[in-house]
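>>> Following is a predicted model, sequence given first.
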Amino acid sequence: MTIKVENLVKTFNNKKVLDNVSFSVEDGETLGVVGFSGSGKSTLLKIISKLLYPDAGKIETTKNSDIAMTFQYSALFDFLDVFHNIAFPLLERKEFKGKYSREELKKIVAQKLKIVGLEGIENKFPSELSGGMQKRVGFARAIVTNPKIILYDEPTAGLDPVSSTLIEDYINQLKKELNASCIVVTHQMSTITRACDKVILLYEGKIVFKGSTEDFLKGTNPYTEQFIKASIKGPMEIKSAT
Amino acid sequence: MIDVKDTLLFRFASYFLREVKSFLETLGNIGKDFTRVLFYILRLRINFKAAIEQSSRFAVDSLPITLTIVGMTSIIISMQIAPELAKQGAENYIGMLSALVMIRELAAIMAGFAIISMIGSSFASELASMAVSEQISAMRVLRVDPIEYLIVPRFLAGVIMMPVVFILASFVGLLCAGYVSNWTAGLSMLNYIDSLWRGLYVRDILIAMLKSAFFGGTIALISCSSGYSTRGGAKEVGTSTTRAVVWSFLAIAIWDYIFAAMFYL
């Protein structure tokens, strides 16, 4: 077990955004988290990444697991070039400060850029990169400390289909390289099909489906059926999507 | 029947309570951030490279506008006061009066206003943009404390560089006053400098430098804290920047009063 989430509850303004959410993700496994906008997916990632605290419930991770997260709009530091963006945790985090020489850092950054297929762009600034490239640099930054848990917040949002496929390939590749447990929040069916081993479907903060990707795609559950068909009619009211 | 919620009194009370809540929240955020800034400074966890970068930005970037504002204010005041004093036969007091006004009050407060509009607003909008584009969240996920990385160097830059800006602004202000006195009241530069020395006290300069350090630290802290706590989008970036400017103006006015009451009352 790398991540075990038990009975997670989070409330904002008297509204339960997460209501008794429980699941676990094993080593080398990718969990897809899907649901309408406002269903609590991003809140879930923020709690796992410790950006938010839950009101109740607990999260267990394998001891000393480093948690990495990639953001919907990459969240690259726009005042730093690609090299310093990727090397940022190694340069600034207390336990890594001064541990690596400049040459070692260059090697590490080059290696991570190679993994995401972007060699030789160390001196470029985020504003000089396309959206897809920024996402990949974000991936490289996330894995620079070799984390065992990787969280992806809508990794293919706003990308063309080819770039999306590329990103999905990288999600699979990173999982294999690091034997990491991954959680992918997505709206895109191709990401679920190509990158996820299992899926949870959230609706109004509750898990209404939990199972393998195959079972999810069968659409036998009325909730998954509505989601897959992108239907307005079904057990999930569209008001939560606004 | 009249719905209470529609009454003017209810709406005014709601608005007032909302503003009080927002005021207390802002105050709380500034206090919380200041505590953490102090924690890092006292433990000497300071990114010196970033502090030097921010210091050069604080002083160098703001200097042209600060010196222009202080110089212009000094010119305008001298243009009005110097001829009047000369008419009363008190031209020997022009330099002394200029020194008292410039050192005790004008240079620090005008430099403070210039710094707020140049640097404070830029700190606030920069950090607010980082907050809404999740760069600050990314920093936290990467386990680097944004307070240590972003706010501590800016705070130190404010505390260290503001007295330097004050000294330069005072020099330019007094120089401008001297030229204007020469032009409008026919006071020779030599007489002006002689009169100036009589109004120049080391104690005043030290107090003004200390006050400037408080101004600089307060402007940096309020601006960074306001930007750092921004949630939302482009509109909130603007709101945070405005809040930072307004709060900084108020804060340095309050500090100015406290220093005047403490040392000159």
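Yep, that arrived. Residues are numbered from 1 along each chain as shown, chains lettered A, B, ... in the order given.
>>> Which stretches in chain B count as helices?
Taking DSSP state H, the helices of chain B run over residues B:8-42, B:48-56, B:62-87, B:94-101, B:107-115, B:121-132, B:135-141, B:146, B:152-185, B:189-199, B:202-228, B:234-264.
>>> Quick one: residues contacting residue A:210.
A:23, A:198, A:199, A:200, A:201 (Cβ atoms under 8 Å, 6 or more residues apart in numbering or on different chains). In this view, the C-beta of every residue, glycine as well, is placed from N, C-alpha and C.
>>> Between those, which sits nearest chain B?
Distance to chain B, by Cβ to the nearest Cβ, is smallest for residue A:23 among these, at 20.4 Å.
>>> Counting by contacts, list what the helix or strand hosting that closest one packs against.
For residue A:23, the element it lies in under DSSP states H and E is strand A:15-25. For strand A:15-25, the packing partners by 3 or more Cβ pairs under 8 Å, 6 or more residues apart in numbering or on different chains; DSSP states H and E come out as strand A:3-12, helix A:41-48, strand A:56-61, strand A:181-185, strand A:206-212.
>>> Residue A:112 touches residue A:86, doesn't it?
Yes - counting by Cβ atoms under 8 Å, residue A:86 is a contact partner of residue A:112 at 5.8 Å.
>>> Compare the two and say which one has the larger neighbour count.
Between residue A:112 and residue A:86, counting by other Cβ atoms under 10 Å in any protein chain shown, residue A:86 is the more crowded of the two (30 against 21).
>>> residue closest to the middle of chain B?
By Cα atoms, centre = their mean, the mean C-alpha position of chain B lies nearest to residue B:112, the distance being 3.1 Å.
>>> Go ahead and confirm that residue touches residue B:219.
Yes - the pair residue B:112 / residue B:219 is scored as a contact, 6.8 Å apart, by Cβ under 8 Å.
>>> what residues do those two have in common as contacts?
Residues within reach of residue B:112 and of residue B:219 at once, by Cβ under 8 Å, 6+ apart, are B:162, B:252.
>>> Any idea how many residues pack against residue A:54?
For residue A:54, using other Cβ under 10 Å, the count is 20.
>>> Residue A:32 versus that one, what's the distance?
21 Å (Cβ to Cβ, to the nearest Å).
>>> ok, now residue B:50?
According to Cβ to Cβ, residue B:50 stands 39 Å off from residue A:32.
>>> Neighbour count for those two, which is higher?
Using other Cβ under 10 Å, the more surrounded residue of residue B:50 and residue A:32 is residue A:32, with 24 against 18.
>>> what sits against the closest residue to that one other than its chain neighbours?
In space, and not counting its chain neighbours, residue A:32 is closest to residue A:196: 3.4 Å by Cβ to Cβ, 6 or more residues apart in numbering or on different chains. Contact analysis of residue A:196 by Cβ under 8 Å, 6+ apart lists A:30, A:31, A:32, A:184, A:213.
>>> how about the closest residue to chain B within chain A, secondary structure?
Nearest to chain B, among the residues of chain A, is residue A:75, at 3.9 Å (Cβ to the nearest Cβ). Reducing the assignment at residue A:75 to three states with DSSP: H, G, I helix; E, B strand; the rest coil gives coil.
>>> Verify the contact between residue B:151 and residue B:229 for me.
No - counting by Cβ under 8 Å, residue B:151 stays clear of residue B:229, with 11.2 Å between them.
>>> ok, the residue nearest to residue B:198 when sequence neighbours are not counted - how many residues close by?
Excluding the flanking residues, the one nearest residue B:198 by Cβ to Cβ, 6+ apart is residue B:96, at 4.7 Å. Residue B:96 has 18 neighbours, counted by other Cβ under 10 Å.
>>> Provide a list of residues in contact with residue B:96.
Contacts were defined as Cβ under 8 Å, 6+ apart; by that measure residue B:96 touches B:195, B:196, B:198, B:199.
>>> Could you measure from it over to chain A?
The spacing between residue B:96 and chain A, counted by Cβ to the nearest Cβ, to the nearest Å, is 47 Å.
>>> got it, and residue B:201?
Residue B:201 sits 43 Å away from chain A, going by Cβ to the nearest Cβ.
>>> residues near that residue, how many?
Applying other Cβ under 10 Å, we find 14 other residues in the vicinity of residue B:201.
>>> Could you do the one 4 residues further on as well?
The burial count assigned to residue B:205 is 17, neighbours taken as other Cβ under 10 Å.
>>> isn't it right next to residue B:103, touching?
Yes - Residue B:205 lies in contact with residue B:103 (Cβ under 8 Å); the separation is 5.9 Å.
>>> Other residues contacting stretch A:126-143?
A:68-71, A:73-78, A:82, A:85-86, A:88-89, A:109, A:112-113, A:115-118, A:121, A:150, A:155, A:158-160, A:163, A:166-167, A:170, A:174, A:177-178, B:142.
>>> oh, I was asking about stretch A:79-91
Residues from elsewhere that reach stretch A:79-91 (Cβ under 8 Å, 6+ apart): A:76-77, A:96-97, A:99-100, A:105-106, A:108-109, A:112-113, A:118, A:121-126, A:129, A:137, A:140-141, A:144-145, B:139, B:142-144.
>>> again with stretch B:134-141
Identification of contacts with stretch B:134-141 by Cβ under 8 Å, 6+ apart yields A:46, A:49-51, A:67-69, A:71-73, A:75-78, A:88, B:127, B:129-130, B:145-146, B:149-150, B:228.
>>> returning to that earlier point: save the helices of chain B as JSON lines, and put in distance to residue A:12 and mean pLDDT too.
Output for the helices of chain B, formatted as JSON lines (distance: least, Cβ to Cβ, whole Å; pLDDT from 0 to 100):
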{"stretch": "helix B:8-42", "distance to residue A:12": "16", "mean pLDDT": "92"}
{"stretch": "helix B:48-56", "distance to residue A:12": "34", "mean pLDDT": "93"}
{"stretch": "helix B:62-87", "distance to residue A:12": "40", "mean pLDDT": "93"}
{"stretch": "helix B:94-101", "distance to residue A:12": "53", "mean pLDDT": "93"}
{"stretch": "helix B:107-115", "distance to residue A:12": "37", "mean pLDDT": "95"}
{"stretch": "helix B:121-132", "distance to residue A:12": "18", "mean pLDDT": "96"}
{"stretch": "helix B:135-141", "distance to residue A:12": "17", "mean pLDDT": "95"}
{"stretch": "helix B:146", "distance to residue A:12": "22", "mean pLDDT": "95"}
{"stretch": "helix B:152-185", "distance to residue A:12": "31", "mean pLDDT": "95"}
{"stretch": "helix B:189-199", "distance to residue A:12": "60", "mean pLDDT": "91"}
{"stretch": "helix B:202-228", "distance to residue A:12": "20", "mean pLDDT": "96"}
{"stretch": "helix B:234-264", "distance to residue A:12": "17", "mean pLDDT": "95"}
